[in-house]
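K.L.:
next one to model:
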Amino acid sequence: MPPDIACRPTLYIPDELMQLWQYSVHGGITGNGQDFGYFSPAETVSYYFGYQFWYYAPNLLPIAFDGGGVFYCYDFGQPGPLIVMKDSGSDDLGVPVGSSLADVLAQELDY
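P.N.:
This is a model prediction of the structure:
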């Protein structure tokens, strides 16, 4: 039986993402060996349903691509929430990369 697809009360837009969207609704941030192509609000919803996160990883909210088919996602199944990287073609639940956008963007990722 498929999971309940009604809006989950655990998913929300963190303040730091709202602040980023107020600055620029979507775009790209590069540096430290990373490519962080963040989604607009509409794209976030589109990727959540289009890539079936709602079914396979309902606690993950995709917010950006790394330029190579890997999503940056908030993981609402963890306290915080945590930001993870999730390969769109794998069954893993994601690799933790930070506890905030600033934390993620300040580090040089080893992936």
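
K.L.:
alpha carbons only for contacts and neighbour counts from here, please
P.N.:
Will do.

K.L.:
neighbouring strands of the lowest-mean-pLDDT helix or strand in the chain in the sheet, and parallel or not?
P.N.:
One helix or strand of the chain scores below all others by mean pLDDT, DSSP states H and E: strand 27-31, with a mean of 75. Using DSSP bridges, strand 27-31 pairs in its sheet with strand 34-38 (antiparallel).

K.L.:
quick one: whichever helix or strand comes after the partner strand to chain centroid distance?
P.N.:
Going down the chain from strand 34-38, the next helix or strand is helix 41-50, by DSSP states H and E. Put simply, helix 41-50 sits 11 Å off its chain's centre (CA atoms, centre = their mean, to the nearest Å).

K.L.:
starting at the chain centroid, how far to the helix or strand that helix 41-50 is followed by?
P.N.:
Counting by DSSP H and E, the element after helix 41-50 in chain order, helix or strand, is helix 53-56. When C-alpha coordinates are averaged (CA atoms, centre = their mean), helix 53-56 and its chain have centres 13 Å apart.

K.L.:
buried sites along helix 53-56?
P.N.:
Buried residues in helix 53-56, counted by 16 or more other CA atoms under 10 Å: Phe53, Trp54.
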